[in-house]
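[1] model the structure of this input:
(one chain, ligands or ions: 1)
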Amino acid sequence: MEDFLKLARERFVVMDKTNEYDRELLRYALDLGLNEKMQLRDLCELVESLAKCNPSLALSISAHHLALNCLKDCEGFCAFALTEKSGSNVKDVKTSAEVEGDVYRIVGLKRFVTNGEFADRFVVSAKVEGKVMVFEVDGKVKAERINLNAFRGSGISKVYFDNRGRLLGDLKLAIISLNFGRVVLSHLALGIAKRCFEVALRRAKKMGLIENAGVRWRFAELKSEIEVLSGYLKSVVNDFNPKDFVRPAICKLKASEVAKSCSDFMVEVFGAKGLVTHSLPETLYRYAKALDIGEGTNEIMKEIVSRAL
Ligand SMILES: Cc1cc2nc3c(=O)[nH]c(=O)nc-3n(C[C@H](O)[C@H](O)[C@H](O)COP(=O)(O)OP(=O)(O)OC[C@H]3O[C@@H](n4cnc5c(N)ncnc54)[C@H](O)[C@@H]3O)c2cc1C
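    Predicted coordinates:
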């Protein structure tokens, strides 16, 4: 695993610059069995460690397990394709499913699908007789890479479906899986937050900025945020309830905010150098921002939490 993390770290800059997914890294991940179902605790640990080295690959692994949660198995990588033009309103689905023999024909366009470029299997929402259902689709799809400014090299694509699919269940299956996915993504955010904190602290010590009480106190505040977040995430993982929408939403809301605060401070500590394109601070600043949009925006997380009050 150490070698894998080392290689993942080395390849990250190129992935961010080119937006190309790394076949060799993905193959390595398969060889290590990282695509196989695992305990939530192990998956969260893996994603947190990976996020410190290569957040794009960490997102690919997270998205794979989110989709896998709806499936029995998948030999390669899978993707979770829910988002359409209507964005947060996942019930407004234009993708259609029509009975074709003993399966369905799925036709439609999904957007921002992580792993979309290389996935072997897709979990897709589609409307059949006015009801949104979830299907599994194998094989070739037309995928068009999106030039997002974060999580580059994660294969995030527009995916055009005109494929045969098998019914997995109703939309509840995908919505419940998102609870699992949000806890995992929160660990990705925690990994980014920790990396930003460590890099900024090293720099502040090296440059003597740490002698300034204002700087030290900001580190103390961020350290407290990270510690409290880690404790909360641990408690949610320890007694994870897939039907609980509120705690995963709190995890995702808080974790993305902590990641944003840490990345923002890292840029501050580096000064103008932190704004140089593809420098680590500038890169992680972009990635942290995307975390409050992916797997449901933070406004939607607030909706989930506030409606349960
Ligand atoms: C890095 C990344 C990876 C992703 N991976 C996947 C993936 O693998 N599969 C997939 O299906 N999708 C994926 N997405 C898409 C993601 O799920 C959507 O971007 C997200 O659900 C929001 O939809 P939208 O971007 O269309 O924004 P919109 O829904 O158009 O929202 C625009 C703004 O309006 C706000 N808003 C919308 N509705 C409400 C409301 N009811 N109350 C208050 N405010 C509201 C939003 O918070 C936001 O600020 C990914 C996105 C990112 C950034």
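[2] for the ligand, give me its nearest residue in the stretch 1-150 of the chain.
    Per CB to the nearest ligand atom, G87 is where the stretch 1-150 of the chain lies closest to the ligand, at 2.2 Å. Any C-beta I mention is one placed from the backbone N, CA and C, and that applies to glycine too.
[3] let's verify that residue: helix, strand, or coil?
    At G87 the chain is in coil, as set by DSSP: H, G, I helix; E, B strand; the rest coil.
[4] please renumber so the chain begins at 35
    All right, first residue 35 from here; so that's G121.
[5] neighbours of it, just the number please.
    By the criterion of other CB atoms under 10 Å, G121 has 13 neighbours.
[6] one more: R145?
    Using other CB under 10 Å, R145 has 17 neighbouring residues.
[7] just checking, it is part of a strand?
    Yes - according to three-state DSSP, R145 belongs to a strand.
[8] check contacts around it.
    117-119, 180, 192 (CB atoms under 8 Å, 6 or more residues apart in numbering).
[9] redo that, cut-off 6 Å
    Listed by CB atoms under 6 Å, 6 or more residues apart in numbering, the contact set of R145 reads 117, 192.
[10] ok, E316 to V301 distance?
    E316 sits 7 Å away from V301, going by CB to CB, to the nearest Å.
[11] same thing with R216?
    The spacing between R216 and V301, counted by CB to CB, is 26 Å.
[12] between those two, which one's more packed in?
    Each of R216 and V301 has its neighbours counted (other CB under 10 Å); R216 has more, 27 against 20.
[13] who's in contact with I244?
    Per CB under 6 Å, 6+ apart, neighbours of I244: 238, 250.
[14] doesn't it fall inside a helix?
    Yes - judged by three-state DSSP, I244 forms part of a helix.
[15] do any residues in the helix ranked longest in the chain lie close to the ligand?
    Criterion DSSP state H: the longest helix present in the chain is helix 205-240. No - for helix 205-240 and the ligand, the contact criterion (CB under 6 Å from any ligand atom) is not met; the two come no nearer than 8.9 Å.
[16] got the buried residues for that helix?
    Buried residues in helix 205-240, counting neighbours by 16 or more other CB atoms under 10 Å, are found at 205, 208-231, 233-235, 237-238.
[17] how far does it sit from its chain's centre?
    8 Å (CA atoms, centre = their mean, to the nearest Å).
[18] that one packs against which elements?
    Secondary-structure packing of helix 205-240 (3 or more CB pairs under 6 Å, 6 or more residues apart in numbering; DSSP states H and E): helix 74-87, helix 89-102, strand 165-172, helix 247-272, helix 280-304, helix 314-324.
[19] out of these, deepest packed?
    helix 89-102 (a mean of 28; mean count of other CB atoms under 10 Å).
[20] beyond that helix, next helix or strand please.
    Using DSSP states H and E, the helix or strand that directly follows helix 89-102 along the chain is strand 112-115.
[21] what's next to that following strand, contact-wise?
    Against strand 112-115 from outside (CB under 6 Å, 6+ apart): 97-98, 100-102, 144, 147, 149-150, 153, 155-158, 193.
[22] near the ligand too, which of those?
    Within these, those near the ligand by CB under 6 Å from any ligand atom are 97, 147.
[23] many thanks, I have nothing further to ask.
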